[in-house]
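the following comprises the amino acid sequence and a computationally predicted model.
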Amino acid sequence: MTAQIIAISIFVVLFIVGTIRRIHLGAAALAAAVCVGLFVASETVADVLGGFPVSLMLLLLGVTYLISIAKTNGTLDLVVTRAVALAGSRTWLIPWVLFAISTLIASLGNPLAAMVTIPIALVLAGKNGLDPVVTGLAAINGSLAGCFAPTSLYGILTVQIAKDSGASINPILQFVYTLAVVIVLQFAVQFVFGRRRRGAGAASTGAQRITIGAGVAKDNAEYDDIVGSQTEAVRLMQRAEERVRLSAEQWWTAIALLVLIVGVIGTSLIGIELDLGTFALALAVILNLVFPARVAEAIKGIDWPTILLVGGIVTYVGVLQRLGAVDSIADWIAGIGVPLLAVFAICVFGGLVSAFASTTALIAVLIPLAVPLVELGGLPAGGVIMALAISSTLVDSSPFSTSGAIMVASSSDADRPRVTKALLRWGMSMVVVGPVITVLTLVVPGM
């Protein structure tokens, strides 16, 4: 028991330090996993590294490599600019166009890739007399839906970690369910915040001025992301009214992305298990062979930080599992007496912590904790895992998350206090609203 307490305490300290300091949590967790394995669990280095999730790493590598190619050759830029131009003068359609763009971009790999739409949303709000809270949350909510696609980060993580834990989740159903929930929430956003309208152009946005808003420190870990997304937003808005023809490379990249999406959906419908990572990697390599000019740039665009983050966290959790620490925590939670209430408590806890810490790391940690509860309480495994993952993600609109911070920093000086307050109210409400929705619709019906 002492070994379990030591290992859990080190893990908690890692999360706290990783949240406060600018260290890479994945690298720290991987190093800590080796140390805890050697000196606490009496394992060998081979035992510890045997828990490194190679198949999951291949998934993330293949998908993010392909998306990096699409980003470096301008294919994703054209998708955004043409979609924005579709709204035209139909202002009521603008939030939903932004929602769709964010969903599409996030579904193609890393959810943070969709954050470029957030400054665009605020620019469009200022030009068309819309509430910036509505358009900004439309962009954020769209990315939250897209990140659970079978080809995106959270969708890949949830399905693969569930599989490794002995549970099964249909990736298509998970995406459709998440999309439906977030669409309902976006309607709620428009009802709650959408009644406040301004004259067109009444307020400029930080995205047009490329400044960092008050309350967002320049040494913050999100600073580079904020500046980069704002600069990218201005460039895309300038191109939105231009008619740009796709090059041969962009056409073939678009076809490759379509093949990936159709392949995932098609094989899922006919019951064939597609190795998504290998398939995406093969498509990326073929594109680089045919169009080699941007190979180096595309390699740099692979989401190596996330790959290392997931690898380190999952490896450490593996050490905790072999020590019996995960089962001990699950038994303690199950002591609540009502398994359904225990699941709800974990979902609330996941949402609260995720509002301030890494959602990716949290999903990798909490899913293994939920599996023993399924066995103890006769709950639907897939429903519990999906409820936990989605509840931990819906809070990502808080001003403490990357997306929320970008929205606050991109707001005009006049709008920033209200935007911050609105995101705080909405994001923190999701700590409870998310678990209520997901537990009632995913867990209760399967009992």
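Sure, I can see it.

correct me, but Ala162 touches Pro171?
No. Contact criterion CB atoms under 8 Å: Ala162 and Pro171 do not qualify, at 10.1 Å. In this view, the C-beta of every residue, glycine as well, is placed from N, C-alpha and C.

residue boundaries of the helices in the stretch 301-447 of the chain?
Remark: helices assigned in the stretch 301-447 of the chain by DSSP state H, counting those that start in this stretch are 304-323, 325-334, 339-354, 359-377, 381-393, 402-409, 416-438.

tabulate those helices (CSV), appending mean neighbour count.
Converted to CSV, the helices of the stretch 301-447 of the chain look like this (neighbours: other CB atoms under 10 Å):
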stretch, mean neighbour count
helix 304-323, 22
helix 325-334, 17
helix 339-354, 22
helix 359-377, 22
helix 381-393, 27
helix 402-409, 28
helix 416-438, 20
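
confidence-wise, which of these is weakest overall?
In terms of mean pLDDT, the lowest-scoring of those is helix 325-334 (a mean of 72).

what lies in contact with it?
1, 4, 7-8, 317, 320-321, 342, 345-346, 368-373, 376-377 (CB atoms under 8 Å, 6 or more residues apart in numbering).

recalculate using a threshold of 6 Å.
Here helix 325-334 makes contact (CB atoms under 6 Å, 6 or more residues apart in numbering) with Gln4, Ala7, Ile8, Leu320, Ala342, Pro368, Leu369, Pro372, Leu373, Leu376.

and of the helices of the stretch 301-447 of the chain, who's closest to Leu130?
helix 416-438 (13.0 Å; CB to CB).

just want the angle from that closest one to helix 339-354.
160 degrees (axes from the mean of the first three to the mean of the last three CA atoms, to 10 degrees).

elements contacting helix 416-438?
If you count contacts as 3 or more CB pairs under 6 Å, 6 or more residues apart in numbering; DSSP states H and E, helix 416-438 packs onto helix 339-354, helix 381-393, helix 402-409.

just how off-centre is that helix within its chain?
Put simply, helix 416-438 sits 17 Å off its chain's centre (CA atoms, centre = their mean, to the nearest Å).

just want the angle from it to helix 402-409.
150 degrees.

dump helix 416-438 to CSV, keeping only the CA atoms.
Taking Å, rounded to 0.1, in the frame of the first residue of the first chain, the C-alpha atoms of helix 416-438 are listed here in CSV:
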residue,chain,number,x,y,z
ARG,A,416,-13.0,41.5,-23.2
PRO,A,417,-14.5,41.8,-19.6
ARG,A,418,-17.9,40.5,-20.8
VAL,A,419,-16.3,37.7,-22.9
THR,A,420,-14.2,36.6,-19.9
LYS,A,421,-17.2,36.6,-17.6
ALA,A,422,-19.4,34.8,-20.2
LEU,A,423,-16.8,32.1,-20.8
LEU,A,424,-16.3,31.6,-17.1
ARG,A,425,-20.0,31.1,-16.5
TRP,A,426,-20.4,28.8,-19.5
GLY,A,427,-17.2,26.8,-19.0
MET,A,428,-17.8,26.2,-15.3
SER,A,429,-21.5,25.3,-15.9
MET,A,430,-20.3,22.5,-18.2
VAL,A,431,-18.6,20.9,-15.1
VAL,A,432,-22.0,19.9,-14.0
VAL,A,433,-24.1,20.1,-17.2
GLY,A,434,-21.8,17.8,-19.1
PRO,A,435,-21.9,14.9,-16.6
VAL,A,436,-25.7,15.3,-16.2
ILE,A,437,-26.3,15.0,-20.0
THR,A,438,-23.8,12.2,-20.6
